[in-house]
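Engineer: missing the sequence, but the structure's below:
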């Protein structure tokens, strides 16, 4: 039993997404306890716990990948929340999703923005962002 | 003719990837001049030129997305180079690609690392990186 | 400000999908005004406005791609409607989606047909199409 | 009219998924009768009817592929049911979906487990499976 | 043995791609004769043989889908050739591939244009196409 | 340091693919030692080492997924070899890849068969397989 990896993973997950992340794992664990353990141990205990990249950069990269993949909208929702939790600004999150129009096409970006809008509404972040007066 | 967008895009592309990026566009333009123009104008003149996100973060997000997509290895090669050009460390680039094992699976990450190794070899960056003495 | 591109894009979008397309952009623009602008300018102001390919052919190609991608069902819905709007017959739309079983597999085609059925129901198009007496 | 293929396909589909599979085809056929016919003839009349691979192995391979593709959750639901119908154990089905975390990433596996949980609930299979006392 | 479907498929394949298409099937059949038979029977004997959509439209839709999928470049090569064979103009083929930048992202479109350039070179079609004097 | 997981993973990898699998990890480890360690620990030490599913079934599922994903041909090559190593017959491997035409489309299956043909040639397995006299 890799208790050290599990505990490092749980602590990293809490740093990444607060109580919301731990709640996702707990709900998963009620049906699939072993997979919930792997989810804590490998992504968070091994990868996110590494010091070579900051959590802000990790979350922006994850938002980019989940948006580009197209089939990962439930996970994108979790990581838009996590990105805000580790200190990314709302504008940075929107920028990364918009940028995916270039690499994965407009549908992937549009579906990503739908998720962003939902998470922002739950988080009390008003849209449109007051960002660039020349555009509004 | 949107000369302002084109010029802003060309300047941004030069900031992102130096002469290598402009050479890619020039080669493309010999066969498909209009598409080369769009490539400068929309991704670089519109998206990358926006100030809400730094070029380092943009490139890490792009490396993540291109690695996760799986079919974009020629473009991943360009953007691994660009990531280094805008100041990402070799370790940060490797971390983002490794992180894609979590979101897109080990094959996508392994194919991404093959591209990383090739670009690093061309750039005189030695592997393995001297990063974490506990592991080596 | 590329007013010429924006206006050409808006006119093209209206030609492609009528008031429904403009309504999509308007709704998007309430949350993400800059991305709504890009959506009008690049896809419609640059690409669809080109004269080298007819709108019927463009829409059949778009229906094919959105169905094959698998993650783009909201956009497929818009473009099934648009395909009918630019003069594709219901039978042509069904054929393109069925053809995707060959290239993207039966699940992508089946999910595409579910979207087709919903749009046809909204448009008063009865299924099955009275097309091939030998089969019915 | 390939009656022989159609009949072989319908019999194979019944062996794979019982009345549930035939009901899917019948519902499809009310809107798209020709595509329903192809669905019986090619996947089931040609491929699944071949004797070189057992139905258990075919279904485990299909569950793997549909989970990995990401956009095929409605079809994954059908084939989780079919896997149980041809004699795969609940534990085998869960294992295959968990294994997809390695090849297609954790989001694809998590979305697959959501489908597994729904089908198991409909089938009266209790989660967590009583499988590995060391973990629970 | 569905000789009628096979013969209809072989005739349709010859109409779609001339001797090149038949050569692909023959080469495949030397290693995988049964799959070569299915490839003739289902895509060409069932789908392409239907009269509800013209071969020009079918090929433009196929070029779009194969480009958007990203992993199907060998098949895109075959169908760029086929599109020209059934009477699509070089400009129409280029337009469809360029349009995929909107739906599948610039990397998919760029990889598609690389294939287009190779097939055009083999077919003696000079690039850039003399199409739009305003741009060149 | 999870020596127990690493050793279990290395033993499982050896059972799955013999010296070839270990050679892949060793080559990877020369450039990316930490990722090579993760590759042994999570996929093989955690997932493949579980007893709920046989190695034959695991490999057939993996061949299916890697073929369906489309971007994982280097990994498909490794696992076609591994499937034969754990006792799958050549005919079973070919069946699974052919079956992917149904779920991921003919291009994915055709690219998979190209890989199968190469691995079989290296392994001295003659094609076409002498399987079904009615077809040859």
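Structural biologist: Received the coordinates, thanks. Values in this document were obtained by computation on a predicted structure and should not be read as measured data.

Engineer: switch to C-alpha atoms for all contacts and neighbour counts from now on
Structural biologist: OK.

Engineer: where do the helices sit along chain A?
Structural biologist: A:3-31, A:33-39, A:55-69, A:73-85, A:90-104, A:106-122 (DSSP state H).

Engineer: can you redo those helices as TSV with distance to chain E and mean neighbour count?
Structural biologist: TSV is the format used below for these (distance: least, Cα to the nearest Cα, whole Å; neighbours: other Cα atoms under 10 Å in any protein chain shown):
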stretch	distance to chain E	mean neighbour count
helix A:3-31	30	17
helix A:33-39	29	20
helix A:55-69	9	27
helix A:73-85	17	22
helix A:90-104	4	24
helix A:106-122	6	20
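
Engineer: what's the closest of these to chain B?
Structural biologist: helix A:55-69 (4.4 Å; Cα to the nearest Cα).

Engineer: is chain B contacted by the closest one?
Structural biologist: Yes - contact of helix A:55-69 with chain B (Cα under 8 Å from any Cα of the partner chain) involves A:57, A:58, A:60, A:61, A:62, A:63, A:64, A:65, A:66, A:68, A:69.

Engineer: quick check: the third one touching residue B:56?
Structural biologist: No - contact criterion Cα atoms under 8 Å: residue A:60 and residue B:56 do not qualify, at 11.0 Å.

Engineer: mind listing what the residue nearest the centre of chain A touches?
Structural biologist: The residue lying closest to the centre of chain A (Cα atoms, centre = their mean) is residue A:79, at 1.2 Å. Residues near residue A:79 by Cα atoms under 8 Å, 6 or more residues apart in numbering or on different chains: A:17, A:59, A:62, A:63.

Engineer: again, only using 7 Å
Structural biologist: Each residue near residue A:79 by Cα atoms under 7 Å, 6 or more residues apart in numbering or on different chains is listed here: A:59, A:63.

Engineer: for it, give its distance to residue F:22.
Structural biologist: 35 Å (Cα to Cα, to the nearest Å).

Engineer: what does residue A:58 give?
Structural biologist: In terms of Cα to Cα, residue A:58 sits 30 Å off from residue F:22.

Engineer: in chain A, where is pLDDT below threshold?
Structural biologist: A:1-2, A:131-136 (pLDDT under 70).

Engineer: again, 90 this time
Structural biologist: A:1-2, A:130-136 (pLDDT under 90).

Engineer: in it, what residue lies closest to chain D?
Structural biologist: Counting by Cα to the nearest Cα, chain A gets nearest chain D through residue A:31, at 4.6 Å.

Engineer: tell me which residues touch that residue, please.
Structural biologist: D:127, D:128.

Engineer: which residues make contact with stretch A:94-105 from outside it?
Structural biologist: Contacts of stretch A:94-105 (Cα under 7 Å, 6+ apart): A:60, A:64, A:67-68, A:108-109, A:112-113, B:43, B:47, B:52-53, B:61, C:35, E:101-107.

Engineer: ok, now stretch A:56-73?
Structural biologist: Contacts of stretch A:56-73 (Cα under 7 Å, 6+ apart): A:76, A:79-80, A:83, A:86-88, A:93, A:96-97, A:100, A:104, A:108-109, A:112, B:57, B:60-61, B:64-65, B:68-69, B:96, C:71, D:70-71, D:107.
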